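K.L.:
Need the 3D shape of this:
(one chain, ligands or ions: 1)
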Amino acid sequence: MELPCHECDVLVIGGGIAGLWCAYHAVPKGKVVVLNKGSFAEANTFWAQGGMAAALAPSDAPEKHFADTVAAGAGLCDEEAVWVLVTEAPKQVLRLWQIGVPFDTDDGQLVLTIEGAHSVERIAHAYGDATGRAIMETLPKAAEDAGVRLMERVTVVKLLMSGGECVGALAVREGKAEVWRAKATVLATGGCGQLFAVTTNPTAATGEGIALAFEIGAEVADMEFVQFHPTALAVGEVPRPLISEAVRGEGAILRNVKGERFMPRYHPKAELAPRDVVARAIFTEMQETGVPYVWLDISHRGEEFVRERFPNIYRACLERGFNIGREPIPVAPAAHYHMGGVRTDLWGRTKVPRLFAIGECACTGVHGANRLASNSLTEGLVFSYRAAQALDEWLSKLLPPLPTNIAPPQSWQGDEALLRAIQATMSEKVGVVRDGDGLRQALKRLAELGERATGLGRAWVTTAWLIAMAALTREESRGAHFRRDFPQPEDARWRVRLIWQSQGTEVWQASPLIHLAPIRPFNPPKHPVPNCAG
Ligand SMILES: Cc1cc2nc3c(=O)[nH]c(=O)nc-3n(C[C@H](O)[C@H](O)[C@H](O)COP(=O)(O)OP(=O)(O)OC[C@H]3O[C@@H](n4cnc5c(N)ncnc54)[C@H](O)[C@@H]3O)c2cc1C
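P.N.:
Purely as a prediction, here's the structure:
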């Protein structure tokens, strides 16, 4: 059967901050198309609250941002990638401001705030606590005005290979399959929080992009590292509304359902302990009390303060029947951010010629075992801008013809029941606290699900399976990955990154190849770096 075929120079899959920023900068080079599964409001980017980190303050410097990022990454950051991030972040954030993102300002200057584990004020934000909405109200229009063709509700179900190169993608629009042929394909499909039952991620974040790239030979790395946000509002809603860390920063207290303040028992910094420590403490309290939430209480700061400081959180709580200015609210940990993904170099290049990966679906190594708050939007900007420069190399080279055997997918949608089954398995066995027995059970269950999965469902199982397999392999606890059977970090054996490559069969039938990559030593240049790249 002949499928409709469209041609472009650059095909970007996913329209969040990373995909749109790359498309915006690629457009002078040729015809650029962005395919997005849902609407732009369904991207993780739209939901980002706190803001983006960049060393823009006079008291700050890239060296300080570097030190904070590497400390959060618990020994696993690719420090060269971190250096690229922190030195290029100021310029990229200022460019975003220039194209019209309404960052909060005071007297014409960006207002910068501080978040957990940052040593100085360096978070630029917009609309108070709705930075992502401000970005997504601006960026799609800017890209379209520049000449990018934006397409919503087009789902990519397969990446196409010919002559050992990625030559585009098979997509489904309004139930019909179509081929997109491109000289460079950029994967920007975002996170995978929806593979867990409790998540802050919107419904589009099912993580299939990682599996689609893995299937055609791209490497994936750091898959075991999933960040669980400690405080999502415990209401039966998908996604769960996020209650930002900044609320604890302003003095909110955590209590279990018996009314006991518990954080001082877990960490000297109590409620301001690192994100993974707070998430595990809440998880433990929930298990001990048998109640699926704890209380977060900032009512002592008064309603007026809370309403002014956190207008969107205040409103979101009120809409769900809680007045956070007057009473404690129920919270629980939720899958929030994936540090792992498709492995790239410093220019977004994957192992597959003509295939790039950027944003949350990519793994540059910047975050190591744990992401520093507000570094992900910044990473999306910095590395997508770089990818837009690097893809030049392919635009003048002859593109192999399309493969002749492209079959329209029999059934392309993954089914809801399958997704619920994956979510239950992942949350129960591959969640905040893991152990060998649970992870082996998860892999067995995922293999069963994989055998009967169809369409995109196979990709969801593949990504979930890779997370569980990596979690089982890493027999230590580090950053966001906690094993109760191996509760300590073990540098001598595990200060390596786990990199996975397909063996050409479904992962649950034959385990993929694993490669242990030691952390490369990196010395940041000695000369001072200006804190604003101009
Ligand atoms: C509630 C919340 C708050 C956050 N707050 C912050 C913050 O303050 N600061 C910060 O730095 N980070 C924050 N993050 C994380 C940050 O928002 C994300 O990491 C970042 O936005 C990811 O951007 P992206 O462009 O990679 O992906 P996304 O913005 O998720 O965009 C990916 C797009 O790809 C599309 N897609 C997926 N699969 C396919 C497919 N098969 N075919 C076609 N399209 C597809 C999706 O529909 C989606 O629109 C937050 C995340 C959440 C959920």
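K.L.:
The closest residue in space to residue 455 that isn't next to it in sequence: which element?
P.N.:
With Cβ to Cβ, 6 or more residues apart in numbering as the criterion, residue 455 has its nearest non-adjacent residue at 4.2 Å, and that residue is residue 412. All C-beta atoms are positioned from the backbone trio N, CA, C, and that covers glycine. Using DSSP states H and E, residue 412 sits within no helix or strand.
K.L.:
any idea how far the ligand is from residue 412?
P.N.:
Note on residue 412: its distance to the ligand, by Cβ to the nearest ligand atom, to the nearest Å, is 10 Å.
K.L.:
For that residue, list the residues it contacts.
P.N.:
Neighbouring residues of residue 412 by Cβ atoms under 8 Å, 6 or more residues apart in numbering: 155, 157, 172, 177, 455, 456.
K.L.:
how does it look with 7 Å?
P.N.:
By Cβ atoms under 7 Å, 6 or more residues apart in numbering, residue 412 lies in contact with 157, 172, 455, 456.
K.L.:
tell me the centre residue of the chain?
P.N.:
When Cα atoms, centre = their mean is applied to the chain, the residue found nearest the centroid is residue 360 (3.5 Å).
K.L.:
just checking, that one touches residue 188?
P.N.:
No: Residue 360 is not in contact with residue 188 according to Cβ atoms under 7 Å; the separation is 8.6 Å.
K.L.:
In the longest helix seen in the chain, which residues are buried?
P.N.:
As assigned by DSSP state H, the longest helix anywhere in the chain is helix 79-98. Going by neighbour count (16 or more other Cβ atoms under 10 Å), the buried part of helix 79-98 is 79-97.
K.L.:
Go ahead and measure how far that helix is from the middle of the chain.
P.N.:
Mean-position distance between helix 79-98 and its chain equals 18 Å (Cα atoms, centre = their mean, to the nearest Å).
K.L.:
which is the next helix or strand following that helix?
P.N.:
Scanning forward in sequence from helix 79-98 by DSSP H and E, the next helix or strand is strand 105-106.
K.L.:
contacting residues around that following strand?
P.N.:
residue 111.
K.L.:
Just checking: what are the partner strands of it?
P.N.:
Note on strand 105-106: by DSSP bridges, its sheet partners are strand 109-110 (antiparallel).
K.L.:
List the contacts of the partner strand.
P.N.:
The contact list for strand 109-110 (Cβ under 7 Å, 6+ apart) reads 56, 103, 124.
K.L.:
if you set the cut-off to 10 Å instead, what comes out?
P.N.:
Where contact means Cβ atoms under 10 Å, 6 or more residues apart in numbering, the residues beyond strand 109-110 that reach it are 51, 54, 56-57, 93-94, 97, 103-104, 123-126.
K.L.:
Between those, which sits nearest residue 365?
P.N.:
residue 54 (19.2 Å; Cβ to Cβ).
K.L.:
Which residues are in contact with each of residue 360 and residue 188?
P.N.:
Counting by Cβ under 10 Å, 6+ apart, the shared contacts of residue 360 and residue 188 are 14, 16, 17, 18, 43, 209, 380.
K.L.:
mind putting the residues you listed in TSV, neighbour count, secondary structure and pLDDT included?
P.N.:
Shown next, in TSV, are the shared contacts of residue 360 and residue 188 (neighbours: other Cβ atoms under 10 Å; DSSP: H, G, I helix; E, B strand; the rest coil; pLDDT from 0 to 100):
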residue	neighbour count	secondary structure	pLDDT
14	29	coil	98
16	33	coil	98
17	31	helix	98
18	34	helix	98
43	33	coil	96
209	28	helix	98
380	29	helix	98
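K.L.:
Tell me where the stretch 1-150 of the chain is predicted with low confidence.
P.N.:
Within the stretch 1-150 of the chain, the stretches with pLDDT under 70 are 1.
K.L.:
do that again at 80, thanks
P.N.:
Counting by pLDDT under 80, the stretch 1-150 of the chain shows low-confidence ranges at 1, 116.
K.L.:
Quick check, the residue in it closest to the ligand?
P.N.:
For the stretch 1-150 of the chain, the residue closest to the ligand is residue 16, as judged by Cβ to the nearest ligand atom, at 2.0 Å.
K.L.:
List the contacts of that residue.
P.N.:
34, 36, 40, 42-46, 48, 132, 135-136, 139, 188-191, 204-205, 358-361, 377, 380, 384.
K.L.:
give me the subset of the residues you listed touching the ligand.
P.N.:
36, 42-45, 48, 132, 188-191, 204-205, 359-360, 377, 380 (Cβ under 6 Å from any ligand atom).
K.L.:
got the buried residues for the lowest-mean-pLDDT helix or strand in the chain?
P.N.:
The weakest-scoring helix or strand in the chain, judged by mean pLDDT, DSSP states H and E, is helix 245-249 (a mean of 85). Across helix 245-249, burial judged by 16+ other Cβ under 10 Å covers 245, 246, 247, 248.
K.L.:
Just send the residues you listed back as CSV, with distance to the ligand too.
P.N.:
Shown next, in CSV, are the buried residues of helix 245-249 (distance: Cβ to the nearest ligand atom, whole Å):
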residue, distance to the ligand
245, 9
246, 9
247, 13
248, 15
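K.L.:
quick revisit: give me the subset of the ones next to the ligand among the contacts of residue 16 lying in helices.
P.N.:
Filtering the ones next to the ligand among the contacts of residue 16 for helices - DSSP H - leaves 44, 45, 132, 377, 380.
K.L.:
Wait, the first one touches residue 242, no?
P.N.:
No: judged on Cβ atoms under 10 Å, residue 44 makes no contact with residue 242 at a distance of 11.0 Å.
K.L.:
residues touching residue 97, list them.
P.N.:
Counting by Cβ under 10 Å, 6+ apart, residue 97 touches 56, 103, 105, 110, 124, 126, 138.
K.L.:
cool, residue 124 as well?
P.N.:
Per Cβ under 10 Å, 6+ apart, neighbours of residue 124: 50-54, 56-57, 89-90, 93-94, 96-97, 101, 103-105, 110-113, 131, 374, 377-378.
K.L.:
Let's see that with 7 Å instead.
P.N.:
If you count contacts by Cβ under 7 Å, 6+ apart, residue 124 has them with 51, 52, 54, 56, 93, 103, 110, 112.
K.L.:
show me where the stretch 401-534 of the chain has strands.
P.N.:
Along the stretch 401-534 of the chain, counting by DSSP state E, counting those that start in this stretch, strands occupy 496-501, 513-518.
K.L.:
cool, and the stretch 151-300 of the chain?
P.N.:
Applying DSSP E, counting those that start in this stretch to the stretch 151-300 of the chain gives strands spanning 154-162, 165-173, 176-187, 220-221, 226-233, 253-255, 294-297.
K.L.:
and of those, who's closest to the ligand?
P.N.:
Taking the strands of the stretch 151-300 of the chain one by one with Cβ to the nearest ligand atom, strand 154-162 is closest: 3.7 Å.
K.L.:
Note down every partner strand of that closest one and its orientation.
P.N.:
Short version: by DSSP bridges, strand 154-162 pairs with strand 165-173 (antiparallel).
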